[in-house]
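**Student:** Pasting the sequence and the predicted model now:
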Amino acid sequence: LVVALDAGVQGTTREAIQYALQAGCPMVVAANKVDVPGAEELVSQLAQQLLAEQVMLEEYGGDVPLIPVSATKRLHLDTLRDALLLQAEMLELHAEPSGDAEGVVLEAMVHKGVGPSAMVLVHRGQLRPADVVVVGQTWGRMRGLHDELGRRLEAASPSMPVRINGLRELPSAGDSLLVVANESRAKEV
């Protein structure tokens with residue numbers, strides 16, 4: 001859960017908290033904009049607002065860490081990463097790194113000279129260049145696989161965000177990605 005310190009707990013934050021609490025999902029709270037003046041007091045105010053929403057923070061005997069960060073100045077992001085990794089380890093969350101890839105579209109766009117492309121997050125399996133994929137209502141043979149910095153990749157494993165090219169049409173954010181055996185199978189799906 002990411003909360004801007006200068007905004008505090010808003011309606012959408014309350015909604016996200018309620019969904020997480022109802023589902024019994026563990027939480028990690030990132031208090032963003034810790035680089036603003038008066039951030040220390042704002043963190044205390046945010047902690048009180050979260051407690052009012054039944055979020056039991058670690059500093060008050062609960063199990064939800066509150067990590068002050070600054071996305072723009074890249075402060076304490078390593079602490080946030082460590083807190084997320086600890087949660088994943090405690091919950092024994094593991095993705096299957098072998099087999100055909102499955103994932104989800106984070107965003108999609110049309111690049112001039114490249115055509116439709118999508119930033120996808122791999123959930124399981126290995127995604128490789130030249131794989132045939134079905135993405136939502138479209139499909140294609142991948143012509144490129146790049147990381148978020150534009151570097152060409154030989155494969156993408158679970159939890160890796162990657163940009164893919166070679167789709168016939170533009171997918172939508174949230175569409176599922178699935179590797180299939182060949183183009184005729186992709187047309188069937």
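**Tutor:** Received it, and whenever you're ready, just let me know what you need.

**Student:** export the helix or strand containing A30 as PDB, just CAs?
**Tutor:** Applying DSSP states H and E as the criterion places A30 in strand 29-32. The C-alpha trace of strand 29-32 is given here as PDB (Å, rounded to 0.1, in the frame of the first residue of the first chain):
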ATOM      1  CA  VAL A  29       2.800   0.400   3.900                       C
ATOM      2  CA  ALA A  30       5.100   2.700   1.900                       C
ATOM      3  CA  ALA A  31       4.800   6.300   3.100                       C
ATOM      4  CA  ASN A  32       6.000   8.200   0.100                       C
END
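
**Student:** Can you tell me what sits against the following helix or strand past that strand?
**Tutor:** Using DSSP H and E, the helix or strand that follows strand 29-32 in sequence is helix 39-52. Defining contact as Cβ atoms under 8 Å, 6 or more residues apart in numbering, one finds that helix 39-52 is touched by 3, 5-6, 8-9, 17, 29, 31, 33-34, 36, 57, 59-60, 64, 66, 68. Where C-beta positions appear, they are placed from N, C-alpha and C, glycine not excepted.

**Student:** strand partners of the strand holding A30, parallel vs antiparallel please.
**Tutor:** In the sheet, strand 29-32 lines up against strand 2-4 (parallel), strand 66-68 (parallel) (DSSP bridges).

**Student:** show me what contacts the residue sitting nearest the centre point of the chain?
**Tutor:** Centroid-nearest residue in the chain: L121, 7.3 Å away (criterion: Cα atoms, centre = their mean). Contacts of L121 were listed using Cβ under 8 Å, 6+ apart, and they are G103, V104, L106, S159, M160, P161.
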